[in-house]
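Asks: Give me coordinates for this.
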Amino acid sequence: MKAPRLLSFAGDKKEIEYFLEQPDRGPLLIDSGAFSVAHSGKKIDIDEYIAYINAHPTIEYWIELDKIPFPILNHETAKDSAEYSWKNYLYMIERLDEPKKLLPVFHFGEKLEYLKQMLEFKFEDGTGIPYMCIGGRHGVSTKKQEDYFDTIFKTIHASSNPDIKVHCLGMTVLSTLKKFPFFSADSTSHLQYAIYGFILTPFGPVNVSSGNVKGENLRYKTKHEQDIVMAEIEKLGFNLDELAGDFVVRSEFNMAYTYQIAQAYQYEGPENFNDVLKALF
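Replies: The predicted structure is shown next:
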């Protein structure tokens, strides 16, 4: 599909090298793997990451080696993550052959002064940072998360860099994404749903596994809902029996379905957030 792909320096080097060999690959965004590493206790060598970036000039974008507010989000961990991540960003861009390919990260819970610092930064040619990441936050209510995004984009709009592209880390809830002018977003929802028997549909996740899952399974939906889901399955070239019996096939379907939505995605929020067509990563 030539779809964009997010992969990790810490855990996906073989996949990165594989995709670079494909003549019709989509754009790549490489994450350092800091989130996974924070939960495993391992470490990433920043100089090794810099060397790897410089050795792969055809890769489109990279996410800085940031520090996650971990294990508990509080004032001290948020302050530490913001300062440490910004220090790492400055260290990296001074040593990268193409520093504007590097995306800095602003995390949920960090003070806005650190976001403003990012937005007002200028390279030697006088231009600002072209692309940045913001971390979503698992475990908070939709309203709290949307209030957070609202504050983020109002701050961006009021800065000297209002057109900066924004990638949302770990969140692809379409109803939320449409309210804000994200340029891109990523998550592993397609895989998580597939493992538990679900495919993505216009009605949300629907279980199609061969197990007897009352209420959630497609067989318990109305005929109207079944017809619409079956039409989506056929349109994307899949077979219900294969989807029912193989989580890998379900994951492939979920990726195809998500990418189809991404191609037609349009921001529907306030005009002052930049009323333009956006694309999910």
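Asks: Against residue 107, how distant is residue 156?
Replies: 16 Å (C-beta to C-beta, to the nearest Å). The C-beta positions use only the backbone N, C-alpha and C, and glycine is treated the same way.
Asks: let me redo that: residue 25
Replies: 30 Å.
Asks: For these two, indicate the residue with more neighbours.
Replies: Shown here are residue 25 and residue 107; by other C-beta atoms under 10 Å, residue 107 has more neighbours (24 against 15).
Asks: and the more buried one, what does it touch?
Replies: 66, 68-69, 78, 81-82, 85, 134-135 (C-beta atoms under 8 Å, 6 or more residues apart in numbering).
Asks: Filter those residues down to just the ones in strands.
Replies: 134-135 (DSSP state E).
Asks: and the contacts of residue 107 as a markdown table, adding distance to residue 201, pLDDT and neighbour count?
Replies: Formatted as a markdown table, the contacts of residue 107 follow (distance: C-beta to C-beta, whole Å; pLDDT from 0 to 100; neighbours: other C-beta atoms under 10 Å):
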| residue | distance to residue 201 | pLDDT | neighbour count |
| --- | --- | --- | --- |
| 66 | 35 | 93 | 25 |
| 68 | 33 | 83 | 19 |
| 69 | 35 | 80 | 23 |
| 78 | 37 | 90 | 17 |
| 81 | 37 | 92 | 25 |
| 82 | 39 | 94 | 24 |
| 85 | 38 | 95 | 24 |
| 134 | 28 | 95 | 26 |
| 135 | 28 | 85 | 21 |
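Asks: could you pull out the helices for the stretch 51-200 of the chain?
Replies: For the stretch 51-200 of the chain, the helices defined by DSSP state H, counting those that start in this stretch cover 75-93, 112-119, 142-157, 174-177, 189-195.
Asks: So what touches the first one?
Replies: The one in question is helix 75-93. With C-beta under 8 Å, 6+ apart as the criterion, helix 75-93 contacts 46, 49-50, 53, 64-71, 99, 102, 104-107, 109-111, 114, 117-118.
Asks: buried sites along that helix?
Replies: Neighbour-count burial for helix 75-93 flags 77-78, 81-82, 85-86, 88-89, 92-93 (criterion: 16 or more other C-beta atoms under 10 Å).
Asks: gap between that helix and the chain center?
Replies: Counting by C-alpha atoms, centre = their mean, to the nearest Å, helix 75-93 is centred 20 Å from the centre of its parent chain.
Asks: tell me the angle it makes with helix 112-119.
Replies: Angle of helix 75-93 versus helix 112-119, following axes from the mean of the first three to the mean of the last three C-alpha atoms, to 10 degrees, is 10 degrees.
Asks: In PDB, list the C-alpha atoms belonging to helix 75-93.
Replies: What follows is helix 75-93, C-alpha atoms only, in PDB (Å, rounded to 0.1, in the frame of the first residue of the first chain):
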ATOM      1  CA  HIS A  75       6.000  17.100  39.000                       C
ATOM      2  CA  GLU A  76       9.600  15.900  39.400                       C
ATOM      3  CA  THR A  77       9.500  13.200  36.700                       C
ATOM      4  CA  ALA A  78       7.800  15.500  34.300                       C
ATOM      5  CA  LYS A  79      10.400  18.200  34.900                       C
ATOM      6  CA  ASP A  80      13.200  15.700  34.600                       C
ATOM      7  CA  SER A  81      11.900  14.200  31.400                       C
ATOM      8  CA  ALA A  82      11.300  17.700  29.800                       C
ATOM      9  CA  GLU A  83      14.800  18.900  30.600                       C
ATOM     10  CA  TYR A  84      16.600  15.700  29.800                       C
ATOM     11  CA  SER A  85      14.800  15.300  26.500                       C
ATOM     12  CA  TRP A  86      15.500  18.800  25.300                       C
ATOM     13  CA  LYS A  87      19.200  18.400  26.300                       C
ATOM     14  CA  ASN A  88      19.300  15.200  24.200                       C
ATOM     15  CA  TYR A  89      17.600  16.900  21.200                       C
ATOM     16  CA  LEU A  90      20.100  19.700  21.200                       C
ATOM     17  CA  TYR A  91      23.000  17.200  21.600                       C
ATOM     18  CA  MET A  92      21.700  15.200  18.700                       C
ATOM     19  CA  ILE A  93      21.000  18.000  16.200                       C
END
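Asks: so where is the stretch 101-250 of the chain shaky, pLDDT-wise?
Replies: 138-139, 212-215 (pLDDT under 70).
Asks: Please enumerate the strands of it.
Replies: Using DSSP state E, counting those that start in this stretch, the strands assigned to the stretch 101-250 of the chain run over residues 102-103, 105-106, 131-135, 165-169, 184-185, 198-201, 204-207.
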